[in-house]
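Undergrad: could you work out the structure for the sequence below:
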Amino acid sequence: MADWSLLPKELLEDVAKRLGSPFYLLRLRSVCASWRSSFPPRPRRFPFLTNYGISDSTLGFHLSKRTVFLLAPPKSPDRWLLKIEEDVPGRSHLRNPLSRSSPCPLPETFPKVLDLSRFRVFDLGEEYALHHVNFRPLVNALGGAANLYREKVVFMWLGDESSDYVLLTIHVSGQLALFKSVEKRWTIIHEMPSPYDDVILFRGQFYAVDGTGRTVRVGLDSRSPSLAANPVYGGDKKFLVESSGELLVVDMYLSDDQVDWDAEDEVSQVQLNGCIYERTVRFKVYKVDEGGQKLVRMKSLGDRVLFLGDDCTFSASASELAGCKGNCIFFMDNFFYTSGEEEGTYKGRDIGVFDLDSGAITPLSDSPEAAKLFWPPPEWVSRTSQVQTEFEGLAL
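TA: Reported below is the predicted structural model:
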C-alpha cells in the first residue's frame with residue numbers, strides 16, 4: 001500500500017495551486033504532518049487598500065472575504081447552506097447566504113465551533129466586501145452601511161497568494177473601478193454607455209454587465225473593456241452567474257403593469273421609511289455567446305438551480321441540494337407586502353423562488369423543504385459538531 005505521506009513536495013505544491021478554495025487546502029494540510037509542512041497556509045487577512053485615485057473621505061479600505069458552503073452530514077441527503085466571513089484570523093461570523101446581514105440569533109444549542117471534518121462540505125461560491133478603514137470600529141453596529149459600495153466586489157490573485165492581486169467593483173457613479181496592488185491605486189474605467197449592474201470572475205477573467213444586458217470582458221490594462229455580448233434590454237436589473245462552466249446573464253423584471261394585482265392582498269409598491277420597494281415579477285435567463293457577441297435566451301436550466309445574492313451569485317445541481325427542484329432561481333426579494341395576519345404590518349426583505357417551468361414566483365416559506373436549506377440551522381449540525389480539531393475548526 002502506498003505511503004501518501006512520502007509524496008514529493010513539488011507534487012503537493014502543484015496540487016495545492018489547483019485548489020480553488022482555502023477550505024480545500026485546509027483539508028489537504030490536515031491529512032498528515034508531512035503534508036502540512038509541505039506548504040504554508042494561505043494568508044488569512046488581505047492587505048490594506050489605499051484610497052488613492054478614488055476617495056478623499058477615508059484613510060483607506062479593508063477587504064473581507066465570505067465563503068458560501070453547502071454542509072451535509074455523513075451518509076445523509078440533508079443539506080444546510082451557510083456563509084462564513086472571517087475578518088480576524090481564527091474567528092468567523094455567520095452570514096445569511098444571500099444577503100449582507102447576519103442571521104437571527106443562533107439557537108442556544110448551536111456549537112461555538114464547527115468541526116468541518118465531521119461534515120461533507122461543498123464550496124459553492126465566494127464574495128468580497130469593501131469597508132472604510134476609519135469606519136471599521138462601527139461595522140458591527142452599522143452592518144452594511146459601512147461598506148464603500150453596496151455592489152459586488154470580485155478579486156483575483158495574479159500569481160500565488162503571496163503575490164500581487166487585482167480587484168474590480170462598481171463605483172457609485174455606475175462606472176467600473178479597478179484596484180491593482182502593484183500600482184497601489186484605483187483606476188476608474190470611464191467607458192460606460194449605461195451604468196453597470198454586476199461583475200464576476202469567470203475562467204480567470206473579469207466580466208461586467210450593464211443595465212441593458214451589454215456584457216464586457218474587463219482587461220487588467222484599465223483600457224476600454226472588450227465586448228462579450230450585445231445588449232438585450234428588457235428587464236430592470238442584470239446578474240452574472242456561472243453555471244456548469246457557462247456564463248449566464250439573468251434579467252430581473254420588477255413590478256409590471258401587466259401583472260394582475262389583487263389590491264386587497266398586496267400592492268406593487270409600498271413606501272416605507274421614505275423608500276420605494278418594487279416587487280420582482282419574472283426573470284429571463286441568457287447564455288453569453290462570446291464568439292457571436294450575443295446573449296442566447298435559455299428556456300430551461302435543466303437540473304441547475306441559480307442563487308442571486310447581494311454580493312455573490314452561484315449555482316448548484318438540484319441533485320446536490322435537499323428539497324429543491326431544478327430549473328429554479330432563488331433570490332432576495334425587495335418587495336414589502338402585507339402579511340394578511342394583521343392589517344398594516346409588513347413582511348421584510350426575504351427570499352423568493354422563481355420557477356422557470358411555470359413562470360411563478362413564490363416566497364420561500366411556500367416551499368418548506370427548500371426553506372430548510374436556509375434557516376433555522378438543522379439539529380444535526382449541533383449533534384455533529386462537538387469537538388474542534390486542530391486544523392478544521394471554525395470559531396463562530
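Undergrad: low-confidence stretches in the protein?
TA: 1-7, 12-59, 87-91, 103-104, 132-151, 160-162, 222, 256-277, 334-349, 383-396 (pLDDT under 70).
Undergrad: which stretches of it form helices?
TA: Ranges of helices in the chain, per DSSP state H, are 9-17, 22-29, 33-38, 139-142, 368-371, 379-384.
Undergrad: contacting residues for residue 156?
TA: Neighbour list for residue 156: 165, 166, 167, 201, 204, 206 [criterion: C-beta atoms under 8 Å, 6 or more residues apart in numbering]. Any C-beta I mention is one placed from the backbone N, CA and C, and that applies to glycine too.
Undergrad: distance of the fifth one relative to residue 217?
TA: When C-beta to C-beta, to the nearest Å is applied, the distance between residue 204 and residue 217 equals 11 Å.
Undergrad: bridging residues for residue 123?
TA: residue 69 (DSSP bridges).
Undergrad: would you agree it is in contact with residue 81?
TA: No: distance between residue 123 and residue 81: 11.9 Å, which falls outside the contact criterion (C-beta atoms under 8 Å).
Undergrad: out of those two, which sits in the more crowded spot?
TA: Remark: of residue 123 and residue 81, residue 81 carries more neighbours, 23 against 16, as counted by other C-beta atoms under 10 Å.
Undergrad: ok, now which ones touch the more buried one?
TA: Here residue 81 is in contact with 68, 69, 70, 71, 97, 124, 373, 374 (C-beta under 8 Å, 6+ apart).
Undergrad: how many neighbours does the first one have?
TA: Residues within reach of residue 68, counting by other C-beta under 10 Å, total 22.
Undergrad: you'd agree it is up against residue 99?
TA: No: using C-beta under 8 Å, residue 68 is not in contact with residue 99; the gap is 11.8 Å.
Undergrad: now for the contacts of residue 156, which pair is the farthest apart?
TA: 167 and 204 (14.1 Å; C-beta to C-beta).
Undergrad: so for those two, which sits in the more crowded spot?
TA: residue 167 (23 against 6).
Undergrad: residue contacts, the closest residue to the more buried one other than its chain neighbours?
TA: Spatial nearest neighbour of residue 167, chain neighbours left out: residue 155 (4.5 Å); criterion: C-beta to C-beta, 6 or more residues apart in numbering. Residues counted as contacts of residue 155 (C-beta under 8 Å, 6+ apart) are 63, 65, 128, 165, 166, 167, 201.
Undergrad: looking at these, which one is closest to residue 224?
TA: Closest to residue 224, out of all of these and judged by C-beta to C-beta, is residue 166, at 17.0 Å.
Undergrad: surely that closest one meets residue 184?
TA: No: Residue 166 lies out of contact with residue 184 (C-beta under 8 Å); the separation is 11.8 Å.
Undergrad: okay, these two: which has more neighbours?
TA: More neighbours surround residue 166 than the other of residue 166 and residue 184, with 18 against 13 (other C-beta under 10 Å).
Undergrad: the more buried one and residue 352: what is the separation?
TA: For residue 166 relative to residue 352 (C-beta to C-beta), the value is 34 Å.
Undergrad: same question, residue 291
TA: According to C-beta to C-beta, residue 291 and residue 352 sit 34 Å apart.
Undergrad: which one of the two has more residues nearby?
TA: More crowded of residue 291 and residue 352, by other C-beta under 10 Å: residue 352, with 20 against 7.
Undergrad: enumerate every residue touching the more buried one.
TA: Each residue near residue 352 by C-beta under 8 Å, 6+ apart is listed here: 280, 330, 331, 332, 333, 361, 362, 363, 364.
Undergrad: which one of those is nearest to residue 107?
TA: Residue 107 lies nearest to residue 364 out of the contacts of residue 352, by C-beta to C-beta, at 19.4 Å.
Undergrad: now do the contacts for the residue lying closest to residue 120 once chain neighbours are set aside.
TA: Leaving aside its sequence neighbours, residue 120 sits nearest to residue 72 (C-beta to C-beta, 6+ apart; 4.2 Å). Going by C-beta under 8 Å, 6+ apart, residue 72 touches 78, 79, 80, 119, 120, 121, 122.
Undergrad: nearest to residue 318, of these?
TA: For the contacts of residue 72, the nearest to residue 318 is residue 79 (11.0 Å; C-beta to C-beta).
Undergrad: count the neighbours of the closest one for me.
TA: Other residues near residue 79 number 20, with proximity taken as other C-beta under 10 Å.
Undergrad: what are the ranges of the strands in the stretch 251-396 of the chain?
TA: 269-272, 275-278, 280-289, 294-298, 304-308, 313-317, 328-333, 337-338, 346-347, 350-355, 361-363, 393-395 (DSSP state E, counting those that start in this stretch).
Undergrad: adjacent strands (with direction) for the fourth one?
TA: In this case it means strand 294-298. Strand 294-298 is paired, per DSSP bridges, with strand 280-289 (antiparallel).
Undergrad: buried residues in the partner strand, which are they?
TA: Within strand 280-289, the residues that count as buried by 16 or more other C-beta atoms under 10 Å are 280, 281, 282, 283, 284, 285, 286, 288.
Undergrad: quick check: of the contacts of residue 155, which has the highest neighbour count?
TA: Going by other C-beta under 10 Å, residue 167 tops the contacts of residue 155 with 23 neighbours.
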